[in-house]
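*Asks:* Sequence and predicted structure, then a few things I'm wondering about:
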Amino acid sequence: MGRYFGTDGIRGRTGNWPMTPEFALRLGHAVGEVLGRQSPGPVLVGKDTRVSGYMFESALESGLSAAGTDVALLGPMPTPAVAYLTRTFRAAAGVVISASHNPYQDNGFKFFTPEGDKLPDELEQAIEDRLDQPMGALDSHRLGKAVRIADAAGRYIEFCKSAIPARSELRGLRMVIDCAHGATYNVTPQVFDELGAEVETMGARPDGYNINEDCGALYPEKLRLRVLATGANLGIALDGDGDRVIMVDETGETVDGDEILGILALSDHAEGIFTGGVVGTQMSNLGLELALGAAGIPFVRARVGDRYVLEELRRNGWHLGGEGSGHIVCLTHTTTGDGTVAALRVAHLMHRTGRPLSELRKVVRKYPQVLINVPVEGQAAPLLDAPSVQAAVQQVAAELARDGRVLLRPSGTEPLVRVMVEGGDADRIASAAQRIADAIREALSAAPVDLHTAHR
């Protein structure tokens, strides 16, 4: 990660550097200088529904114009829609002003290449290098112009519908869709409605402040209760920028990204049309790996983050991957995580086979999983090498043998060590995870100076 770029663009608390109007202005200029010069097309700018999006959109537009780059403003639009439109408009780049599943106080910037992919490290570094240089403005006759794209939503709706075979429909399916008061509020319900489904919508009244607030993919409880109350066939919960999805079956049980991956891969495999393998992450449930393995489908784990899933898919020449959090990448149709497309493919499978979601999800028997976050000071990585921590990990791994696994990793965004243990017995893994967490705390208190400074 760079000084500003993290695993998925730039993100932070609005009003705190770098999420300020001044930085957005300079960022727009740097993006225009680095990316705008590589293609004659405009830079597309979309956003979610946060109140700060207006401010950042204006500042980013000004910086791009000052660098001589034309701008096409999309307004509120899901992240995967911006990736798609960047390709179809032959744009120089796409930018999404969003902090994804974070609360409204945060915001950020995500970027796409002309092919709709996340920026490679070298382009992110080039933008950071340009941010360090003085900013100016070109002569008036060389400034970039800005336009608004009026039919962006309609284009994306048709794109989503094309993810299932032509003339397919969803008549007879009753569903509840929670848009998290985010960027999908004006597109995803229309996708399913136009395909004939009976749609009830939640979380579709954004006011700039309620994005992701007790709703959407992170908080599916209200959706679950509504599905049960209405007798719907399924529920669909998206996050604020629409790149992840969690579903609810007709019995009120949540269906996460690991289960969605299993449903899509194993249904296609049963029909003889699945090729390649599946990419998950270090956090993907062991049950997914075992279910795919039983069917002879290769499975590999990437680092946490959809960009790393995508990199692994490209490396292997595969087309399906994702995360338990609901980022599902279907490279046969799109280039990034798309919650609407993933949900549509599952709904189409339900309609075509007549099988309820509660039955489809049984292809993956999820293992109990316990995650403990241990706060640390300074560098977290040295703690993982402490002899007492390694001894605790090895003991737990030996106890679990092939019926579980252990994962320790420093958080990429917070001063935490994440301890994850999964296995067949919930009580057993809870106790095991606590033992490892206690070992980390003891190592931290026993030699804080050495551990904090060892890797500096």
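*Replies:* Right, received. Where do you want to start?
*Asks:* Show me the strands in the stretch 301-450 of the chain, by range?
*Replies:* With DSSP state E, counting those that start in this stretch as the criterion, the stretch 301-450 of the chain has strands at 320-322, 328-330, 369-375, 404-410, 416-423.
*Asks:* Any chance of those strands in a markdown table with distance to F112 as columns?
*Replies:* All C-beta spots, glycine's among them, are computed from the backbone N, C-alpha and C. As requested, these are exported to a markdown table (distance: least, Cβ to Cβ, whole Å):
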| stretch | distance to F112 |
| --- | --- |
| strand 320-322 | 18 |
| strand 328-330 | 14 |
| strand 369-375 | 31 |
| strand 404-410 | 27 |
| strand 416-423 | 29 |
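*Asks:* from these, which stretch is densest packed?
*Replies:* strand 320-322 (a mean of 28; mean count of other Cβ atoms under 10 Å).
*Asks:* by contact count, what packs against it?
*Replies:* Counting contacts by 3 or more Cβ pairs under 8 Å, 6 or more residues apart in numbering; DSSP states H and E, strand 320-322 is packed against helix 257-270, strand 278-281, helix 306-316, strand 328-330.
*Asks:* name the helices or strands packed onto the third one?
*Replies:* Under the contact criterion of 3+ Cβ pairs under 8 Å, 6+ apart, the helices and strands touching helix 306-316 comprise strand 278-281, strand 299-302, strand 320-322, strand 328-330.
*Asks:* Adjacent strands (with direction) for the second one?
*Replies:* It refers to strand 299-302. Using DSSP bridges, strand 299-302 pairs in its sheet with strand 278-281 (parallel).
*Asks:* downstream neighbour of the partner strand in the secondary structure list?
*Replies:* For strand 278-281, the following helix or strand on the C-terminal side (DSSP states H and E) is helix 286-294.
*Asks:* tell me the mean pLDDT for that next one?
*Replies:* The average pLDDT within helix 286-294 is 96.
*Asks:* What lies in contact with that helix?
*Replies:* In this structure, residues lying in contact with helix 286-294 by Cβ atoms under 8 Å, 6 or more residues apart in numbering are 258-259, 261-262, 265-266, 277-278, 280, 298-299, 363-367, 404-405, 422-423.
*Asks:* buried subset of those?
*Replies:* For these, a burial check counting by 16 or more other Cβ atoms under 10 Å picks out 258-259, 261-262, 265-266, 277-278, 280, 299, 363-364, 366-367, 404-405, 422-423.
*Asks:* one step back: which one, of the helices and strands packed on helix 306-316, ends up nearest to E128?
*Replies:* E128 sits nearest to strand 299-302 of all these, at 23.9 Å, using Cβ to Cβ.
*Asks:* check contacts around V31.
*Replies:* Counting by Cβ under 8 Å, 6+ apart, V31 touches V43, L60, G63, L64, A67, T69, A93, V95, F111, I127.
*Asks:* nearest residue to L286 other than its sequence neighbours?
*Replies:* Take L286 and drop its neighbours on the chain: the residue closest to it by Cβ to Cβ, 6 or more residues apart in numbering is Y367, 4.7 Å away.
*Asks:* meant to ask about V71, not that
*Replies:* Counting by Cβ to Cβ, 6+ apart, V71 lies nearest to A146, which is 4.2 Å off, once chain neighbours are set aside.
*Asks:* so who does the one you found touch?
*Replies:* Counting by Cβ under 8 Å, 6+ apart, A146 makes contact with E61, S65, D70, V71, A72, L73.
*Asks:* can I get these in CSV with distance to Y308?
*Replies:* Shown next, in CSV, are these (distance: Cβ to Cβ, whole Å):
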residue, distance to Y308
E61, 31
S65, 34
D70, 32
V71, 30
A72, 29
L73, 30
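*Asks:* sorry, back to before: ok, which of the strands of the stretch 301-450 of the chain comes nearest E194?
*Replies:* strand 328-330 (20.0 Å).
*Asks:* if you average pLDDT over the closest one, what comes out?
*Replies:* Computed over strand 328-330, the average pLDDT equals 97.
*Asks:* now do stretch 437-456
*Replies:* For stretch 437-456, the per-residue pLDDT averages 66.
*Asks:* possible to save the helices and strands packed on helix 306-316 as TSV with distance to I436?
*Replies:* Converted to TSV, the helices and strands packed on helix 306-316 look like this (distance: least, Cβ to Cβ, whole Å):
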stretch	distance to I436
strand 278-281	20
strand 299-302	19
strand 320-322	27
strand 328-330	30
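*Asks:* now the contacts of A146 in TSV, with secondary structure, pLDDT and neighbour count?
*Replies:* Converted to TSV, those look like this (DSSP: H, G, I helix; E, B strand; the rest coil; pLDDT from 0 to 100; neighbours: other Cβ atoms under 10 Å):
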residue	secondary structure	pLDDT	neighbour count
E61	helix	98	21
S65	helix	98	21
D70	coil	97	19
V71	strand	98	25
A72	strand	98	21
L73	strand	98	20
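*Asks:* Can you list the low-confidence ranges for this structure?
*Replies:* For the chain, the stretches with pLDDT under 70 are 1, 378-381, 412-414, 447-456.
*Asks:* By residue count, what's the longest helix in it?
*Replies:* Criterion DSSP state H: the longest helix present in the chain is helix 426-446.
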